[in-house]
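Engineer: no letters, just coordinates:
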């Protein structure tokens, strides 16, 4: 069974600094996607970034980038120049290429607080 | 473009009551999903649908029912509410199952308390 683990329940960072959130996953498949979703206090789930397993190049979206280590099954999120609006819960998620449901498998989440 | 719209945003039910959580999307997506999020946890799949008239169970379907009569709407029904169903419910949709098309867009959630 596929699993996603986020080992950091809570993290904090000073405004303008850089923070890295960790995520590991377990799968025997070679074809899959990984995602980071942001859930601010409004509860809205917002897609931050995604990575295709076949792509070696790490995905980047403005201040957000990932470090995808396929052999280690690691998928960390780096937030540069942290802003107060980045305060949220962040979820790592996995979807299998062989899934017949299209189901996302979520980690437990990491609560990030950006301090002024 | 409204995306995925969920109603209501909040609801309190008494044990044994019934209710329907509404979900509508205007992106012409084929796939729709219902998840629940318990406090401090990630989301778990309740039911999903691959198109109008087709639904199937996810990871935690007990106590729920769904229907999909149109592409746009995917309501979730709780027949006999129990305290264990206290949670935040999210509806999501995506264009298709293929990995490249399965970016799921989420509604704002419905917070349900069963007392």
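Structural biologist: Here it is on my side, so go on. The structure presented is a predicted model; accordingly, all values stated were derived computationally and were not measured. Residues are numbered from 1 along each chain as shown, chains lettered A, B, ... in the order given.
Engineer: how far away is residue B:65 from residue B:89?
Structural biologist: 14 Å (CB to CB, to the nearest Å). C-beta here means a position set from N, CA and C on the backbone, and glycine is covered the same way.
Engineer: compare those two (neighbour count), which wins?
Structural biologist: Using other CB atoms under 10 Å in any protein chain shown as the criterion, residue B:65 and residue B:89 rank with residue B:89 on top: 23 against 14.
Engineer: so what's the more buried one closest to, chain neighbours aside?
Structural biologist: For residue B:89, ignoring the flanking residues on the chain, the nearest one in space by CB to CB, 6 or more residues apart in numbering or on different chains is residue B:110 at 4.7 Å.
Engineer: these two touch, right, that neighbour and residue B:21?
Structural biologist: Yes. Assessed by CB atoms under 8 Å, residue B:110 is found in contact with residue B:21 at 5.2 Å.
Engineer: shared neighbours, these two?
Structural biologist: Common contact partners of residue B:110 and residue B:21 (CB atoms under 8 Å, 6 or more residues apart in numbering or on different chains): B:6, B:7, B:8, B:89.
Engineer: coming back round to it: list the contacts of the residue nearest to residue B:89.
Structural biologist: Applying CB under 8 Å, 6+ apart, the residues contacting residue B:110 are B:6, B:7, B:8, B:9, B:10, B:11, B:21, B:88, B:89.
Engineer: if we go to 10 Å?
Structural biologist: Residues near residue B:110 by CB atoms under 10 Å, 6 or more residues apart in numbering or on different chains: A:43, B:6-11, B:19, B:21-23, B:36, B:76, B:87-91.
Engineer: remind me which residues of chain B are low pLDDT?
Structural biologist: The model of chain B has pLDDT under 70 over residues B:1, B:97-101.
Engineer: tell me where it has strands.
Structural biologist: B:4-7, B:10-13, B:19-25, B:31-37, B:43-51, B:54-57, B:64-66, B:76-78, B:87-94, B:105-106, B:110-114 (DSSP state E).
Engineer: pull the contacting residues for the residue of chain B found nearest chain A.
Structural biologist: Closest residue of chain B to chain A, CB to the nearest CB: residue B:42 (3.0 Å). Contact analysis of residue B:42 by CB under 10 Å, 6+ apart lists A:4, A:6, A:37, A:39, A:89, A:91-93, A:104-109, B:35.
Engineer: ok, 7 Å please
Structural biologist: By CB atoms under 7 Å, 6 or more residues apart in numbering or on different chains, residue B:42 lies in contact with A:91, A:106, A:107, A:108, A:109.
Engineer: return the member of those residues nearest to residue B:56.
Structural biologist: Nearest to residue B:56 out of these is residue A:106 (CB to CB; 19.1 Å).
Engineer: which parts of chain A sit against chain B?
Structural biologist: Within chain A, the positions near chain B by CB under 7 Å from any CB of the partner chain are A:31, A:33, A:43-45, A:47, A:50, A:91, A:95, A:97, A:101-104, A:106-109.
Engineer: list the ones among these that fall in strands.
Structural biologist: The strands, defined by DSSP E, take in A:33, A:47, A:50, A:91, A:95, A:106 from the residues of chain A next to chain B.
Engineer: so how many other residues sit close to the second one?
Structural biologist: When neighbours are defined as other CB under 10 Å, residue A:47 has 15 of them.
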